[in-house]
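Engineer: from the sequence below, what's the structure:
(one chain, ligands or ions: 2)
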Amino acid sequence: MTMAVPQGEGLAVVCRAVTKEFRQGSVIVRALRGVDVEVRMGELTLLMGPSGCGKTTLLSVMAGILDPTSGSINVLGSDIERLTSRQKTAFRMKNIGFVFQMHNLLPALSAMENTAVPLLIARRPRNAALAAARQLLEGVGLGERVDALPSRLSGGEQQRVAIARALVHRPRLLVCDEPTSALDAKSGHAIMQQLRDIAVEPDRAVVVVTHDPRVIEFADRIATMDDGRITDVRETKA
Ligand SMILES: Nc1ncnc2c1ncn2[C@@H]1O[C@H](COP(=O)(O)OP(=O)(O)OP(=O)(O)O)[C@@H](O)[C@H]1O
Ligand SMILES: [Mg+2]
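Structural biologist: Ligands and ions are numbered 1, 2, ... in the order given. Now for the predicted structure:
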């Protein structure tokens, strides 16, 4: 059955009956088995669930990085499965920030250059891009390390560069896969506060995958996943 995606006000993402199958030789892994979920504008939504339940796959599908096997996905008012791959790339570069579970920094670029990448791809002047990157890095406590290569940064520092990079082009939808996994309590708290500040803006939304219970206090809503499905969504506000 196909269902039209409602163009609800204030919805950043609407997933309907989304499935994703990976083929590995003769084995088919059913990573998403019919996901129905909505992400609201102006909110920070947590996505929690056991390892292997499909969280990274769902984030990737929401961000237009992976195509679903079936189902429909509306992101910021666009039915992304109707876009050509070129349109999808342009849409993603303009509107979406992604903090990957593995930080995916470019090893030959400094922290500042890595952070500036989304702006450089969008053809912003190099000086302006680097200045914006420097400001973001100062915001995540790395103002002294802007010229360091990723190999000279600790895991937590690399994670903060990845977060700065995802924020630098002010995306309307920000998806973060375990953004605090390598951070101590103090930097984890600072990062979550920054994500929270972004999420309260009425035309922006943040989705965070986490196993970290310290992150719960920053959430507006918690979606729980198990075995390829959303099993529960609850508001955290009283
Ligand atoms: N590219 C791929 N090819 C084959 N199988 C995959 C691929 N990516 C993910 N899977 C499988 O899909 C399922 C969901 O994986 P996913 O990475 O979404 O889980 P997760 O909830 O993010 O787990 P974790 O908390 O460990 O990061 C797993 O069984 C995984 O092995
Ligand atoms: Mg994952």
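
Engineer: CA atoms for contacts and neighbours, from now on please.
Structural biologist: Will do.

Engineer: residue contacts, the spatially most central residue of the chain?
Structural biologist: By Cα atoms, centre = their mean, the mean C-alpha position of the chain lies nearest to V175, the distance being 1.3 Å. Residues counted as contacts of V175 (Cα atoms under 8 Å, 6 or more residues apart in numbering) are L59, A63, I96, G97, F98, V99, V206, V207, V208.

Engineer: residue contacts, the first one?
Structural biologist: Applying Cα under 8 Å, 6+ apart to L59 gives the contacts V175, D177.

Engineer: ligand 1 versus that one, what's the distance?
Structural biologist: 8 Å (Cα to the nearest ligand atom, to the nearest Å).

Engineer: now do R172
Structural biologist: For R172 relative to ligand 1 (Cα to the nearest ligand atom), the value is 22 Å.

Engineer: likewise for A122?
Structural biologist: Distance from A122 to ligand 1, by Cα to the nearest ligand atom: 28 Å.

Engineer: which phi and psi values does that residue adopt?
Structural biologist: When read as degrees, to the nearest 10, the backbone of A122 gives phi -80, psi 10.

Engineer: what about it, how many neighbours?
Structural biologist: The local packing of A122 (other Cα atoms under 10 Å) involves 13 other residues.

Engineer: for T236, same thing?
Structural biologist: Neighbourhood size, T236 [other Cα under 10 Å]: 13.

Engineer: quick one on the thing from earlier: got the contacts of V175 as JSON lines, with secondary structure columns?
Structural biologist: Formatted as JSON lines, the contacts of V175 follow (DSSP: H, G, I helix; E, B strand; the rest coil):
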{"residue": "L59", "secondary structure": "helix"}
{"residue": "A63", "secondary structure": "coil"}
{"residue": "I96", "secondary structure": "strand"}
{"residue": "G97", "secondary structure": "strand"}
{"residue": "F98", "secondary structure": "strand"}
{"residue": "V99", "secondary structure": "strand"}
{"residue": "V206", "secondary structure": "strand"}
{"residue": "V207", "secondary structure": "strand"}
{"residue": "V208", "secondary structure": "strand"}
